[in-house]
Structures are given as C-alpha cells and as structure tokens.
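In: A predicted structure for the sequence below; I have some questions about it.
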Amino acid sequence: MQQSNISQDLRVELTARALAAKALKDLSWEQVAADTGLSLAYVTAAVLGQHALPKPAAELVCERLGLSAADALQLQAIPLRGSIPGGIPTDPTIYRFYEMIQIYGTTLKALVHEKFGDGIISAINFKLDIRKVEDPDGGERAVITLDGKFLPNKPY
C-alpha cells in the first residue's frame with residue numbers, strides 16, 4: 001500500500017543519511033541513479049526528499065548507498081514536498097534561480113499565456129534536464145530544460 005508523509009522530518013533525516021553515504025562511497029548522482037529506469041533529475045530529487053521512488057528503484061538506491069529496508073520504504077512514501085523553507089534562499093546557487101524567476105518570471109508568464117492560454121505548467125507532469133556545454137567565448141554554460149505539461153484553467 002502506498003504511504004504518505006505528513007511532515008518532512010523523516011525525509012530530512014533520510015536525506016542526511018543518504019548524502020553521508022553518497023559522500024563516504026564517493027558516488028556521483030549518475031552512479032546513484034544508474035539502472036533505476038528513471039531520470040537522473042528524478043532520482044536525485046527523490047533522494048533529496050521531493051519524490052517517491054517505485055519499489056525497485058528505492059531498493060536499488062538503498063543497496064547502492066548501504067541504506068536500510070526501512071529507508072527503502074521511506075523512499076517509496078509520498079513526501080511532503082518543498083525544500084526551501086521560508087523567505088528568500090541564501091545559498092548562492094539556489095538564489096540565482098530565484099533571481100532568474102524575479103527577472104524573467106513575468107516574461108515566462110506572459111509568453112506561456114500568449115502561446116497556450118490561461119493555465120499553468122505542471123511541476124508534477126514534468127521533466128528536468130541539465131547539461132554542460134562549452135561556451136564559444138570560453139568556459140562552460142549550463143543548459144537547463146524545464147519540460148512541463150500545460151494544464152489549462154477550466155471555468156466551472
């Protein structure tokens with residue numbers, strides 16, 4: 001039977017154990033997610049407490065990380081989502097995403113509504129990808145793809 005969390009406490013504790021095990025074993029997120037049949041972003045988000053994993057993937061991740069059967073069950077539970085408590089984020093990497101939304105949020109909203117109409121982009125029926133590409137001007141660039149299903153607003 002599918003279980004559901006009503007607080008973030010258990011997932012926060014599991015995330016801490018998982019991150020410690022990942023570091024001790026010197027594993028990359030790609031290694032943690034390998035052979036799960038799920039995307040790198042989805043498995044990473046699940047281990048960080050934002051998604052539930054299917055049983056085979058949860059068991060494989062726990063085996064890789066040396067976590068318990070109870071941890072595998074917790075990875076299968078539907079989490080209480082949201083990973084940035086209160087206010088403006090202070091971590092520089094997360095803050096830059098916040099800054100991007102501050103600058104481009106209204107532009108994204110205007111363009112989504114112009115192209116699709118009144119509605120939202122789903123964060124549930126959603127795919128995320130991140131790639132590193134060479135910058136022609138030197139250095140590297142991050143290419144982040146946010147791919148969500150459009151859900152129209154339906155009058156009732």
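Out: On my side now, so go ahead.

In: Neighbouring strands of the strand ranked longest in the chain in the sheet, and parallel or not?
Out: Of all the elements of type strand in the chain, the one with the most residues (DSSP state E) is strand 119-134. Note on strand 119-134: by DSSP bridges, its sheet partners are strand 140-152 (antiparallel).

In: List the buried residues for the partner strand?
Out: By neighbour count with 16 or more other Cβ atoms under 10 Å, strand 140-152 contains no buried residues. All C-beta atoms are positioned from the backbone trio N, CA, C, and that covers glycine.

In: What mean pLDDT does that strand get?
Out: For strand 140-152, mean pLDDT rounds to 97.

In: tell me how far that strand is from the chain's mean position?
Out: With Cα atoms, centre = their mean, to the nearest Å as the basis, strand 140-152 stands 12 Å off its chain's centre.

In: Also stretch 15-31?
Out: 16 Å.

In: outside of the longest strand of the chain, which residues touch it?
Out: 39, 41-42, 45, 112-113, 140-153 (Cβ atoms under 8 Å, 6 or more residues apart in numbering).

In: what about residue 90, which SS state?
Out: coil (DSSP: H, G, I helix; E, B strand; the rest coil).

In: and it, how many neighbours does it have?
Out: Neighbours of residue 90 under the rule other Cβ atoms under 10 Å: 9.

In: Could you tell me how far it is located from residue 81?
Out: 20 Å (Cβ to Cβ, to the nearest Å).

In: got the contact list for residue 145?
Out: Shown in contact with residue 145 (Cβ under 8 Å, 6+ apart): 127-131.

In: is it fair to say residue 53 lies in a strand?
Out: No - counting by three-state DSSP, residue 53 is located in no strand; its state is coil.

In: how near is it to residue 152?
Out: 30 Å.

In: residues in contact with the one helix or strand in the chain whose mean pLDDT sits lowest?
Out: Lowest on mean pLDDT, DSSP states H and E among the helices and strands of the chain sits helix 92-116, with a mean of 93. Residues lying outside helix 92-116 but in contact with it, judged by Cβ under 8 Å, 6+ apart, are 84, 88-89, 119, 121, 150, 152.

In: got CSV for those residues, with distance to residue 21 too?
Out: Shown next, in CSV, are the contacts of helix 92-116 (distance: Cβ to Cβ, whole Å):
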residue, distance to residue 21
84, 24
88, 31
89, 26
119, 41
121, 34
150, 38
152, 43
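
In: Give me the buried subset of the residues you listed.
Out: 89, 121.
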